[in-house]
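**Q** Just a sequence and a predicted model for now, questions to come.
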Amino acid sequence: MRGTKLKPRRVRRTFVLAALGAAALLAGPLATKSHAGTYAATDCSWSNTSSVASYSQSHVMGFVYQACGNGGLGLGMSIPTAGWTGPQTGATWSVSTPAGTHFSQVGMSERGKSDPGAGWALEVYVAGPGGWTPLGAADDGASAWRGIGTAAGGYYTLVTSHLTCISGSGCNGSLQAGLFIRDLLFDMVDDTTPTIEASGELLNGEIQRGTGAIEVHADDVGAGLTSVTVLVNSQEAARRNFTCNGATSMQPCALSQQAQFNLDTQVAPFRDGSNTIQACASDYGDPPNLTCTPEQVVRVDDSCTSSRVPGGTDLSARFVQNGDGTVTVRSRQSATVTGRLSNRTGEPVEGAMLCVRESTLVPGEGLADVGTVKTNTAGRYRYTVAPGPNREIEIGYRYNRHQLQRDVRYFARVAPSLTLSRERVRNGGRIQLFGSLPGPDNEERIVVLQARYPGKNQRWKTFQNARTDQLGRYSATYRFLATFVTTEYRMRAVVPAQNGYPFLAGHSRRRPIKVVGGR
């Protein structure tokens, strides 16, 4: 690629625009993943009081300059006025790109003078994988600075100025030969993506509750790191921005950074259940290179509301009716759970809010919040389980990440209703029997209808089966044909245990009916 002459005014304008662009980049949002972020950098300009350039020589120059900053001579060298030097000797100033980056465009201000009579020549080059490209350094000895540079889109890793003896017989000293460059302006490209690792409580594979920590470590080769973020369910949950030097440096940001975030799983974007977490690192450029860890699934369970009272380490639960963790009652009866919350020394924890959750004992049923109870001055609590189906009751205490829970089980014998259409009927007459079963899941359930003769040792006899409708109702009709002596029977509805119906087997109240005998 041929060198391109740049006017000093254009060099200055380009630098200002690049600096503004870099400042806007730092203030911008996290970009989507990309490669080869671009940014501007300067060296030995009015904004750089020093230079990263390196100096080397194969012959002692008379004067070597590194005078950067406003009004300085920049990077310069000139020949002594006496003495002789061998061919192909001289000196260079060189500016190299940081590892992982390259120049895509180079511009600078330059002034210089060769002395062909004494054998001295000057040149400014850029170098890259394609070789060396001269930029056509000024050779007029004028005191004015001239802009030189490359066109956009190149790939260079080095810019260097040479003052060299090109005479095959060696060179004499010179009062004229000298070369100066300053206000170097670069369009930089960051060719490498950061690397990032994440660890901490939130990623330990356990169920998460309350606030947990995640630690992030990121490294970069190139322009350095501008930020790390944590994404929860693909939404930004936390960010740490790092200070960078801006557009004056070829490596404006630190290459290694660490950050710790304490994230509250009780607030969005977290949700109860499965969540995805990943950490991302962004480097300096427009657009920045972005690297994220693989998504990690994290299960959150904050369904038990956190108590404001700390210190609970032991929690008990039992039924008042029998002092046990399991109770069996009729489905129309309630039951009371009681227990105590204490600390490590056995002292009561007063005023702690406990969460109560229940789950009907059918496959696939999850726990649902049903209320809260509060501990009294003795650390004790009471909770009444409402009449209903077989259930698991969970009493929980949570303070931030720490949670205790105790489970008890309530079993209910189903108590169907039974109504007879008549209480008295003649032999040969009909009655209707109807009733309902408590829910849930009470549709298409079998109901066995039984009757018993009067007397102490009489057994119940099944005379008919019924099946419930979608609302859990059943009905049947029965005709008396063999009661020749007036008799008072007892009737009942029996519901056997059935798969998917969350009740134990049970029966209704007994209903009397008088059948007047006759033929």
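**A** Thanks, I have the structure now.
**Q** May I ask which helix or strand encompasses the closest residue to Leu158 other than its chain neighbours?
**A** Distances taken as CB to CB, 6 or more residues apart in numbering place Ala127 nearest to Leu158, at 4.2 Å, with adjacent residues excluded. C-beta coordinates here come from the backbone N, C-alpha and C atoms, glycine included. Assigned by DSSP states H and E, Ala127 belongs to strand 120-128.
**Q** Need phi/psi at Ala118.
**A** The phi/psi pair for Ala118 (degrees, to the nearest 10) reads phi -90, psi -10.
**Q** And the next helix or strand past the worst-scoring helix or strand of the chain on mean pLDDT?
**A** Between all helices and strands in the chain, the lowest mean by mean pLDDT, DSSP states H and E belongs to helix 8-27, at a mean of 33. Remark: after helix 8-27, the chain's next helix or strand is strand 37-43, criterion DSSP H and E.
**Q** For that next one, C-alpha coordinates in CSV please.
**A** Only the C-alpha atoms of strand 37-43 are listed here, as CSV (Å, rounded to 0.1, in the frame of the first residue of the first chain):
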residue,chain,number,x,y,z
GLY,A,37,-13.3,-3.7,17.5
THR,A,38,-11.7,-0.4,16.3
TYR,A,39,-10.5,2.6,18.3
ALA,A,40,-8.3,5.6,18.0
ALA,A,41,-4.9,6.1,19.7
THR,A,42,-2.2,8.7,19.6
ASP,A,43,1.5,8.9,20.5
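**Q** State the mean pLDDT of that strand.
**A** Regarding strand 37-43, the rounded mean pLDDT is 92.
**Q** Summarise which helices and strands that strand is packed against.
**A** helix 8-27, strand 178-190 (3 or more CB pairs under 8 Å, 6 or more residues apart in numbering; DSSP states H and E).
**Q** partners of the following helix or strand past it in the sheet?
**A** The helix or strand immediately downstream of strand 37-43 is strand 54-57, counting by DSSP H and E. Counting by DSSP bridges, the strands paired with strand 54-57 are strand 90-96 (antiparallel).
**Q** Show me how far the helix or strand just after the strand it pairs with is from its chain's centre.
**A** Sequence order places strand 101-113 as the next helix or strand after strand 90-96, per DSSP H and E. Taking CA atoms, centre = their mean, to the nearest Å, one finds strand 101-113 lying 44 Å from the centre of the chain it belongs to.
**Q** Next: stretch 382-393.
**A** 37 Å.
**Q** So which bits of it are buried?
**A** Neighbour-count burial for stretch 382-393 flags Tyr383, Val385, Pro387, Gly388, Pro389, Asn390, Arg391, Ile393 (criterion: 16 or more other CB atoms under 10 Å).
**Q** My guess is the fifth one contacts Glu365. True?
**A** No. Distance between Pro389 and Glu365: 9.8 Å, which falls outside the contact criterion (CB atoms under 8 Å).
**Q** Just give the closest residue to Asp43, not the sequence neighbours.
**A** Using CB to CB, 6+ apart, the closest residue to Asp43 is Leu184 (4.3 Å).
**Q** is it true that that neighbour touches Ser47?
**A** No. Using CB under 8 Å, Leu184 makes no contact with Ser47, being 11.3 Å away.
**Q** And these two? Which one has more around it.
**A** Leu184 (29 against 16; other CB atoms under 10 Å).
**Q** returning to that earlier point: just the ones of the buried residues of stretch 382-393 in strands?
**A** Mapping the buried residues of stretch 382-393 onto strands (DSSP state E) picks out Tyr383, Val385, Arg391, Ile393.
**Q** how many other residues sit next to Gly346?
**A** By other CB under 10 Å, neighbour count at Gly346 equals 10.
**Q** sec struct for it, please.
**A** Recorded secondary structure, Gly346: coil (DSSP: H, G, I helix; E, B strand; the rest coil).
**Q** Number of residues surrounding the closest residue to it other than its chain neighbours?
**A** With CB to CB, 6+ apart as the criterion, Gly346 has its nearest non-adjacent residue at 7.6 Å, and that residue is Asp314. Using other CB under 10 Å, Asp314 has 16 neighbouring residues.
**Q** Check Leu75 too.
**A** If you count neighbours by other CB under 10 Å, Leu75 ends up with 27.
**Q** How about Asn245?
**A** 15.
**Q** and it, what is it in contact with?
**A** Pro252, Cys253 (CB atoms under 8 Å, 6 or more residues apart in numbering).
**Q** Could you do the one 5 residues further on as well?
**A** Met250 sits next to Ala41, Asp43, Val52, Thr97, Pro98, Thr101, Phe186, Met188, Ala223 when contact means CB under 8 Å, 6+ apart.
**Q** Dump these into TSV; add neighbour count and distance to Ser161 as well.
**A** Formatted as TSV, those follow (neighbours: other CB atoms under 10 Å; distance: CB to CB, whole Å):
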residue	neighbour count	distance to Ser161
Ala41	31	18
Asp43	25	12
Val52	16	14
Thr97	22	16
Pro98	20	20
Thr101	27	21
Phe186	27	15
Met188	28	20
Ala223	30	25
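**Q** of the residues you listed, closest to Asn241?
**A** Comparing these against Asn241 with CB to CB places Ala223 closest, at 14.9 Å.
**Q** Could you dump the buried residues of stretch 382-393 into JSON lines with distance to Lys456 and pLDDT added?
**A** Shown next, in JSON lines, are the buried residues of stretch 382-393 (distance: CB to CB, whole Å; pLDDT from 0 to 100):
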{"residue": "Tyr383", "distance to Lys456": "42", "pLDDT": "98"}
{"residue": "Val385", "distance to Lys456": "37", "pLDDT": "97"}
{"residue": "Pro387", "distance to Lys456": "32", "pLDDT": "97"}
{"residue": "Gly388", "distance to Lys456": "35", "pLDDT": "96"}
{"residue": "Pro389", "distance to Lys456": "35", "pLDDT": "97"}
{"residue": "Asn390", "distance to Lys456": "33", "pLDDT": "98"}
{"residue": "Arg391", "distance to Lys456": "37", "pLDDT": "97"}
{"residue": "Ile393", "distance to Lys456": "40", "pLDDT": "97"}
